[in-house]
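just need the structure, nothing else, for what follows:
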Amino acid sequence: MTTAVDLRAPLARYASLLHASAGPEHHVASPLGAWLLAALCAPVGSSDLEEALGIDLESARSVADGLLSDPHPAVLSAAALWLAQTPTAAMDAWLTALPAPVSTGPMPSQTEADAWADEHTLGLIKKMPLTLTPDTILLLATALATKVSWVQPFTLAPSSRLGAASPWRGAVSQVLEMPDHFHEAFIVRVPSLGDVAVHTAYAVEGLRVTSVIGPSGVEPGQVISAAYEIAVASATRGALDRRSLFDL
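So this is what the prediction gives:
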């Protein structure tokens, strides 16, 4: 999938907003999936939506079309808009402007909505994360899902291999160990944060999965923004103030 719009900065900003609204507790969310849902509202959007998306509404609509029409082969992407009443003229105009892959139709039952979520997330989400009621008049949903296999799987190692200060050393008996090939781990100096640890694993399906952890006390949104930049720079051989873990 290709697009002329550079989503790095807009998506990093949107991710910060999304994760901030989810709160500090552990959670799993797809900023791109949420951004895609908002972008589908571009035909009827306002300047507030444009500001949230970080790009103009026409470009957002074009990117949404590309994400749904020409996704990465390893990524299942889907979107649907369901209505509980006859569309108005304005709603008809929105439906007409939606990308062709977006499913439209009458409001499904809860069972049907749950089945849609299960099917379009490769079984990762079994139920629609919304309870439909008689007051539900419109439901717009997006899904992005993938399942990958590591080119070189992690191996198991005794937890005694962890540093003496690790809280996991005595809490578990085994930990995952990074293989020598098709994995990268390094430190990046980020001017606004200090040192962050980075790990990238390569998947058979052609995806790279990059994880970033920052210093304690740093706002999560700052780490998220840095993670987007680091992941892209690492994948494209961009400039990074990078050094080996063993240089610590």
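
going forward, measure contacts and count neighbours with C-alpha atoms only.
Noted.

how is the chain partitioned into domains?
7-146, 155-243 (the TED database).

switch those domains over to JSON lines; also include mean neighbour count and mean pLDDT.
As requested, the domains of the chain are arranged in JSON lines below (neighbours: other Cα atoms under 10 Å; pLDDT from 0 to 100):
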{"stretch": "domain 7-146", "mean neighbour count": "16", "mean pLDDT": "92"}
{"stretch": "domain 155-243", "mean neighbour count": "15", "mean pLDDT": "91"}
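
what sits up against whichever helix or strand A157 is part of?
According to DSSP states H and E, A157 maps onto strand 155-158. Residues from elsewhere that reach strand 155-158, judged by Cα atoms under 8 Å, 6 or more residues apart in numbering: 173-179.

now do it: distance to the chain's middle.
Its chain's average C-alpha position is 29 Å from that of strand 155-158, according to Cα atoms, centre = their mean, to the nearest Å.

just stretch 104-116 next, same as before
24 Å.

for that stretch, measure first residue to last.
12 Å (Cα to Cα, to the nearest Å).

now the helices for the protein?
8-22, 31-39, 47-53, 57-69, 89-97, 110-120, 220-235 (DSSP state H).

what packs against the third one?
Taking 3 or more Cα pairs under 8 Å, 6 or more residues apart in numbering; DSSP states H and E as contact, the helices and strands that helix 47-53 lies on are helix 8-22, helix 31-39, helix 57-69.

got the contact list for the residue nearest the centre of the chain?
Centroid check for the chain by Cα atoms, centre = their mean gives S30 as the closest residue, at 3.1 Å. Counting by Cα under 8 Å, 6+ apart, S30 touches L144.

circling back: can you list the helices and strands packed on helix 47-53 in JSON lines and add distance to A78?
Shown next, in JSON lines, are these (distance: least, Cα to Cα, whole Å):
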{"stretch": "helix 8-22", "distance to A78": "19"}
{"stretch": "helix 31-39", "distance to A78": "10"}
{"stretch": "helix 57-69", "distance to A78": "6"}
